[in-house]
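Asker: Sequence and predicted structure below; questions after.
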Amino acid sequence: MQPKQLIDKLETTSRLTKEEWIDLIENRNDDTAQYLFAKARNWQQKYFGNRIYTRGLIEFTNYCKNDCFYCGIRRSSQSAKRYRLTKEQIMECCETGYKLGFRTFVLQGGEDGWFTQQKLEEIVHAIKRSYPDCAITLSLGERSKESYQGLYEAGADRYLLRHETADSTHYQSLHPKELSAKHRQQCLWDLKEIGYQTGTGFMVGSPGQTAAHLAQDMLFIRELQPHMVGIGPFVPHHDTPFAKESGGTVELTLFMIGLLRIMLPELLLPATTALGTIDPQGREQGILAGANVVMPNLSPSSVRAKYQLYDNKICTGDEAAECRMCLNRRMESIGYQLVVDRGDSPIKMRC
Ligand code: 5AD
Ligand code: FES
């Protein structure tokens, strides 16, 4: 089948075979991409209009016990200047964020045992008590089902855990041997079962990635039926084993965003910071390819530059208010607007 026919098939049936996915990804061109993005924007308009949801990202610790080969805050990175925010600092971020119109707070951090289950539950509880009209999203990596359950009961609404790559051999080439694709995917199933609005995702252009791997990512996402999918280009970090690898492209990232939008039209799809990092117009292009969420940073400016997952990360010198205004302008310039809203998933909870 021609790429456009495959796009039509995906749009009407929400399914392609692995071979069809590979075909479509390998044979894409600019014309196919424009065809895809027009359809993706139609679906985005149908469910979200020109409304772009925002989430205030609070990067509260860059300590991490893991050693993922791509990540700038991996345990063996000597150059990472480590920090932890106090509960008070986290609450201040929320206060600033609330005033700026954020109604979702994302607590993201490395896998840092200093933040015990009890400390985390206290933080979640405190945010929920002070901001009952806000959603709390956690992005704390792999934990036990009991731990996820406890955090859910403490008030967390959503959880982000990218599966990174659905292919276990590829997964192994990006991670040390104590980590596995199987365990990561099990965490996602656990999160869904508990009742979290669940987000997964992957890097585009990670070392060794092929069209067959991306095909597997799409099949996995189709099966998982998450509420959110965050994808961004792989961007090399100078102090990692992948320092000399080449990064992912804007072009392929946008194409994958478009495909996700038409495969699962109600998905929450962020135009990620990594996309904005490799192209000054990356986030705008992401929205025009079908994304509907932006996640500016609410972390105190004093620690921003220290949460360096990859090189040249944008917005590290800006205050939260500047980022909000900057994104407002950027979205308005392409006919969209940021809204003051929790921005829940329109997908009915299926579990
Ligand atoms: N380039 C792009 N994305 C990265 N992440 C981690 N390191 C990099 C990198 N070098 C992504 C991973 C992780 C998320 C928090 O950031 O997908 O899940
Ligand atoms: Fe942060 Fe533009 S979004 S400065």
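Answerer: Right, received. Where do you want to start? Residues are numbered from 1 along each chain as shown. Ligands and ions are numbered 1, 2, ... in the order given.
Asker: going forward, measure contacts between C-alpha atoms and count neighbours the same way
Answerer: Noted.
Asker: Which other helices and strands does the strand of greatest length in the chain contact?
Answerer: As assigned by DSSP state E, the longest strand anywhere in the chain is strand 197-204. Under the contact criterion of 3 or more C-alpha pairs under 8 Å, 6 or more residues apart in numbering; DSSP states H and E, strand 197-204 touches strand 158-160, helix 181-194, strand 228-233.
Asker: so for it, what's the average pLDDT?
Answerer: Averaged over strand 197-204, pLDDT sits at 98.
Asker: Mind listing residues that contact it?
Answerer: Residues outside strand 197-204 that contact it (C-alpha atoms under 8 Å, 6 or more residues apart in numbering) are 157-165, 188, 191-192, 217, 221, 226-234, 248-249, 252-253, 345, 349.
Asker: now it, how far from the chain's geometric center?
Answerer: 5 Å (C-alpha atoms, centre = their mean, to the nearest Å).
Asker: what about the residue of the stretch 101-250 of the chain at minimum distance from ligand 2, how many residues close to it?
Answerer: Per C-alpha to the nearest ligand atom, Phe102 is where the stretch 101-250 of the chain lies closest to ligand 2, at 13.9 Å. Neighbours of Phe102 under the rule other C-alpha atoms under 10 Å: 28.
Asker: Quick check: which element contains it?
Answerer: Under the criterion of DSSP states H and E, Phe102 resides outside all helices and strands.
Asker: That one is in contact with Leu57, isn't it?
Answerer: No. With contacts counted by C-alpha atoms under 8 Å, Phe102 stays clear of Leu57, the gap being 9.8 Å.
Asker: what would the helices and strands packed on strand 197-204 look like in TSV with distance to ligand 2, mean pLDDT and mean neighbour count?
Answerer: Below are the helices and strands packed on strand 197-204 laid out as TSV (distance: least, C-alpha to the nearest ligand atom, whole Å; pLDDT from 0 to 100; neighbours: other C-alpha atoms under 10 Å):
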stretch	distance to ligand 2	mean pLDDT	mean neighbour count
strand 158-160	21	98	27
helix 181-194	29	98	18
strand 228-233	16	98	25
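Asker: and Cys93, which of these is closest to it?
Answerer: Closest to Cys93 of those is strand 158-160 (C-alpha to C-alpha; 18.6 Å).
Asker: what's the closest one in contact with?
Answerer: Under the contact criterion C-alpha under 8 Å, 6+ apart, strand 158-160 has outside partners Ala135, Ile136, Thr137, Leu138, Ser139, Leu140, Leu191, Tyr196, Gln197, Thr198, Gly199, Thr200.
Asker: Could you provide the residues you listed in CSV, with additional columns for distance to ligand 1?
Answerer: Output for these, formatted as CSV (distance: C-alpha to the nearest ligand atom, whole Å):
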residue, distance to ligand 1
Ala135, 19
Ile136, 17
Thr137, 13
Leu138, 11
Ser139, 8
Leu140, 9
Leu191, 16
Tyr196, 18
Gln197, 17
Thr198, 14
Gly199, 11
Thr200, 9
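Asker: how much space between the nearest residue to Lys145 once chain neighbours are set aside and Trp21?
Answerer: Of all residues not flanking Lys145 in the chain, Asp190 sits nearest, at 6.1 Å (C-alpha to C-alpha, 6 or more residues apart in numbering). Distance, Asp190 to Trp21, using C-alpha to C-alpha, to the nearest Å: 27 Å.
Asker: re earlier: buried subset of the contacts of strand 158-160 as a PyMOL selection?
Answerer: Filtering the contacts of strand 158-160 down to the buried ones (16 or more other C-alpha atoms under 10 Å) takes a single PyMOL command:
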select buried, resi 135+136+137+138+139+140+191+196+197+198+199+200
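Asker: what's downstream of the longest strand of the chain, the next helix or strand?
Answerer: In N-to-C order, the element after strand 197-204 by DSSP H and E is helix 211-224.
Asker: Show me how far that next one is from its chain's centre.
Answerer: Taking mean C-alpha positions (C-alpha atoms, centre = their mean), helix 211-224 and its chain are 16 Å apart.
Asker: Please spell out which residues along it are buried.
Answerer: Buried residues in helix 211-224, counted by 16+ other C-alpha under 10 Å: 211-222, 224.
Asker: Equivalent analysis for stretch 338-345, please.
Answerer: Leu338, Val339, Val340, Asp341, Arg342, Gly343, Ser345.
Asker: For it, the averaged confidence score.
Answerer: 96.
Asker: Just the ones in strands from the buried residues of stretch 338-345, please.
Answerer: In this view, those that belong to strands under DSSP E are Leu338.
Asker: any chance of the buried residues of stretch 338-345 in JSON lines, plus distance to ligand 2?
Answerer: JSON lines is the format used below for the buried residues of stretch 338-345 (distance: C-alpha to the nearest ligand atom, whole Å):
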{"residue": "Leu338", "distance to ligand 2": "12"}
{"residue": "Val339", "distance to ligand 2": "15"}
{"residue": "Val340", "distance to ligand 2": "16"}
{"residue": "Asp341", "distance to ligand 2": "18"}
{"residue": "Arg342", "distance to ligand 2": "19"}
{"residue": "Gly343", "distance to ligand 2": "19"}
{"residue": "Ser345", "distance to ligand 2": "23"}
